[in-house]
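Student: When you get a sec, could you give me coordinates for this:
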Amino acid sequence: MNTTYPLPLDERLMEEAMRAANEDGVTLDALLSGLISDGMARRDALQALKMRARRGDPALALAILDRVPDVAPNENDAPVARR
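Tutor: Down below sits the predicted model:
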């Protein structure tokens, strides 16, 4: 089922969207539809993670981590870069 929806966009955003659609060789409708679809998929994934987080038990997780032996890293281990 296809539904139309009037979507007012800021002029600058519309120009960027039209340029992106042209670069990708797709129609503006196809670009916006794809972006909305991607955004909805990301939203669904985030909602699923939030649901899983609500079921989590921080005390249990910390208890598991407390059982990890406190040993020095292997000399071949590389440090993890922090963002």
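Student: can you give me the helices for this structure?
Tutor: Shown for the chain, the helices assigned by DSSP state H span residues 11-24, 28-55, 58-66.
Student: Specify the angle between the longest one and helix 11-24 in degrees.
Tutor: Same thing as helix 28-55. Interaxial angle of helix 28-55 relative to helix 11-24 (axes from the mean of the first three to the mean of the last three CA atoms, to 10 degrees): 100 degrees.
Student: name the helices or strands packed onto helix 28-55?
Tutor: Counting contacts by 3 or more CB pairs under 8 Å, 6 or more residues apart in numbering; DSSP states H and E, helix 28-55 packs against helix 11-24. Placement of C-beta: from N, CA and C, glycine included.
Student: want to throw the helices of the chain into CSV with distance to Met1?
Tutor: Formatted as CSV, these follow (distance: least, CB to CB, whole Å):
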stretch, distance to Met1
helix 11-24, 23
helix 28-55, 13
helix 58-66, 43
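Student: now for the ones you listed, which one comes closest to Asn74?
Tutor: When the helices of the chain are compared by CB to CB, helix 58-66 sits nearest Asn74, at 19.0 Å.
Student: pLDDT (mean, whole number) over that closest one?
Tutor: Averaging pLDDT along helix 58-66 yields 94.
Student: for stretch 33-42, same thing?
Tutor: 97.
Student: Alpha carbons only: can I get that stretch in CSV?
Tutor: Output of stretch 33-42 as CSV, limited to C-alpha atoms (Å, rounded to 0.1, in the frame of the first residue of the first chain):
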residue,chain,number,x,y,z
SER,A,33,11.5,6.6,1.4
GLY,A,34,14.8,4.8,1.9
LEU,A,35,16.0,7.2,4.6
ILE,A,36,12.7,6.9,6.5
SER,A,37,12.9,3.1,6.2
ASP,A,38,16.4,3.0,7.5
GLY,A,39,15.5,5.3,10.3
MET,A,40,12.5,3.1,11.3
ALA,A,41,14.8,0.1,11.3
ARG,A,42,17.3,1.8,13.6
